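# This is a predicted model, with the sequence first.
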Amino acid sequence: MLAGLYNATVLAFAKINPFVVFAAGGGDHGDGGHGGAPHLPNLINVLHELGILSDSAAAWATYWANPLYAGVAAIILSLIALNIYAKRDLKNPGPFQNAAEALIEGMYNFIYSIMGKEARRYIPFLGTLFFYILVMNWMGLVPGLHSPTTGKEITLSMAAIVFLYAQWTGIRRLGVLGYLDHLAGQPRDAVTWALVPLMFLLHLVGELVKPVSLGLRLFGNITGEDTLVAVFVGLGITLMALFGSPVGLPLHAPFILLGLLLSTIQALVFTLLSTIYILMMLPHEEHEH
């Protein structure tokens, strides 16, 4: 069904502009959609091609496409959560409530396997992080939508939030002196005290590199995934002329399924590494389980 939607959507766009398949540009929209890796068209491109959006409005929306679609993802999650909460029933929960509870319980068990008793304290942040990234990743596989995680400004921003949250956790749980002691490598003898300048620098660089690696990993994988789907959609449409098919060949169908799997894995990896970064900031005796 999703493959059919892709074909119908992209074919409709192609009638407006044969090159619209590649109009979305690369992962960063600051280039105005030119010169980047190919992506499937999104609603902004369609409204512009139909003349509903002016050139200036389309240019503005394209430039801010990643933050705009990230906001859409937040709205989607918020509406789902509010709907489930409003219809909650402890005695006879509905199917959506059951599904939400199963997902949250699964995420809690996953975090608990890493953090132990500390999981309850950090599941609101880490659980929200996982489902938010998952929705943004999947948006790129829905015709007319766009994955905000194909933009470095989104992935690095989320990584920066994880970095700040981990540092704040370290200061709050260890105290200022304990936090500095952690960064200094916890010196306890003459040798370790002599190595404090080196250890402090290494720890500082390591803490700064972590969010960068988190953000770039997510950006690269999701951009590659969306680009692969777009290329095979374009190839399927191109082959229409060769075989005389009234619809594009669904060459991209296997990659949609692969994209769903990889998008989930990337959201899980981002959350897993964030969990470990936070865990490393906790007092040693508190994260033994």
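All right, it came through fine. This is a predicted model, so every value here is computed, not measured.
# Look up phi and psi at residue 42.
Phi and psi for residue 42, reported as degrees, to the nearest 10, are phi -120, psi -180.
# helix, strand or coil for the closest residue to it other than its chain neighbours?
In space, and not counting its chain neighbours, residue 42 is closest to residue 146: 4.0 Å by C-beta to C-beta, 6 or more residues apart in numbering. Glycine gets a C-beta too; all of them are placed from N, C-alpha and C. Following DSSP: H, G, I helix; E, B strand; the rest coil, the label given to residue 146 is coil.
# burial measure for residue 146, as a count.
For residue 146, the number of neighbouring residues by other C-beta atoms under 10 Å comes to 28.
# Equivalent analysis for residue 99, please.
Residues near residue 99, counting by other C-beta under 10 Å, number 12.
# which stretches of this protein form strands?
Assigned strands in the chain: none (criterion: DSSP state E).
# Give me the below-cutoff pLDDT ranges for it.
Scanning the chain for pLDDT under 70 picks out 1-37, 241, 243-248, 284-289.
# what about the lengthiest helix in it, distance to the chain center?
As assigned by DSSP state H, the longest helix anywhere in the chain is helix 196-243. Relative to its chain's centre, helix 196-243 lies at 11 Å (C-alpha atoms, centre = their mean, to the nearest Å).
# Show me what stretch 93-101 is in contact with.
80-81, 83-84, 87-89 (C-beta atoms under 8 Å, 6 or more residues apart in numbering).
# let me redo that: stretch 180-198
With contact meaning C-beta under 8 Å, 6+ apart, stretch 180-198 is reached by 170, 174, 199-200, 203-204, 207, 281.
# quick one: residue 209 and residue 161, what's the gap?
Using C-beta to C-beta, to the nearest Å, residue 209 is found at 16 Å from residue 161.
# which residues does residue 258 contact?
residue 225.
# Ok, the one 5 residues further on next?
With contact set as C-beta under 8 Å, 6+ apart, residue 263 has these partners: 134, 137-138, 140-141, 222, 225.
# What count of nearby residues applies to residue 265?
For residue 265, the tally of surrounding residues (other C-beta under 10 Å) stands at 12.
# Same question for residue 183.
20.
# in this structure, which residue is closest to the centre?
With distances taken as C-alpha atoms, centre = their mean, residue 133 lies nearest the centre of the chain, 3.3 Å away.
# OK, contacts around the closest residue to it other than its chain neighbours?
Excluding the flanking residues, the one nearest residue 133 by C-beta to C-beta, 6+ apart is residue 267, at 4.1 Å. Taking C-beta under 8 Å, 6+ apart as the criterion, residue 267 is in contact with 130-131, 133-134, 137.
# Which single one of the contacts of residue 263 is nearest to residue 231?
Comparing the contacts of residue 263 against residue 231 with C-beta to C-beta places residue 225 closest, at 11.1 Å.
# Surely that closest one and residue 260 touch.
No - with contact defined as C-beta atoms under 8 Å, residue 225 does not count as touching residue 260 (9.6 Å).
# ok, back up a step: the contacts of residue 263: which two are farthest apart?
134 and 225 (13.3 Å).
# Which of the two has more residues huddled nearby?
When residue 134 and residue 225 are compared for neighbours, residue 225 comes out ahead with 25 against 21, by other C-beta under 10 Å.
# what about the closest residue in space to that one that isn't next to it in sequence, how many residues close to it?
Closest residue to residue 225 apart from its sequence neighbours, by C-beta to C-beta, 6+ apart: residue 259 at 4.8 Å. Residue 259 has 22 neighbours, counted by other C-beta under 10 Å.
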